[in-house]
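Peer 1: build me a model:
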Amino acid sequence: MRKLIPLFLLLVGLLGAGVLYAQQANLNTPVVRASEDNLQVMSYFATADGGGRWEAVVAVRDSGGTEIRRESYSGPDSAHPTATAAAFNTALVSIRATETGNDVRKVRFRITGFLKDQGYIVSGSTLAP
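Peer 2: Here you go, the predicted model:
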């Protein structure tokens, strides 16, 4: 029994280590964030196995083009039931009014339009081809 007590304490110490060492860092001065100005699609995919899922990763940038963060959108979900993989694929191959540039630019514009049409990004935004 005496040999089990140190083993038990060691086990409790190892299991609780993550909780015991959790810390936070308080900032001395607040971080001033750049104003978010535009979104740019960085990557996307849709499942081909019949699962009906898609995902798009979008970079949020400031007016100078510096990336602030990346956001991921996927569907369909309960808030966006019409954002199916079929609708996503249709958006990829459907020409949108005012699109210009090379193929990559056009696809990014189409995906951004799809995200706006489906309500993933703010409706007050303006698509810029």
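
Peer 1: who touches stretch 30-41?
Peer 2: Stretch 30-41 has contacts (CB atoms under 8 Å, 6 or more residues apart in numbering) with 56-64, 66, 68, 107-108, 111-112, 121, 125, 128. Quick note: C-beta positions are derived from backbone N, CA and C, even for glycine.

Peer 1: please identify the buried residues of that stretch?
Peer 2: When burial is assessed from 16 or more other CB atoms under 10 Å, stretch 30-41 yields the following buried residues: L39, V41.

Peer 1: buried by neighbour count, from the contacts of stretch 30-41: which ones?
Peer 2: A56, V58, A59, R61, V107, R108, I111, T112, I121.

Peer 1: what two of these are the furthest from one another?
Peer 2: Maximum pairwise distance in the buried ones among the contacts of stretch 30-41, criterion CB to CB, is 17.9 Å, between R61 and V107.

Peer 1: that older thread, between the buried ones among the contacts of stretch 30-41, which is closest to G101?
Peer 2: For the buried ones among the contacts of stretch 30-41, the residue nearest G101 by CB to CB is R108; the value is 9.0 Å.

Peer 1: my read is that closest one is in a helix, agree?
Peer 2: Yes. Per DSSP: H, G, I helix; E, B strand; the rest coil, R108 lies within a helix segment.

Peer 1: tell me the pLDDT of the residue nearest to it when sequence neighbours are not counted.
Peer 2: Closest residue to R108 apart from its sequence neighbours, by CB to CB, 6 or more residues apart in numbering: V41 at 4.3 Å. The score at V41 is 95. That number is its pLDDT.

Peer 1: give me the three-state assignment for V41.
Peer 2: strand.

Peer 1: thanks a lot, see you next time.
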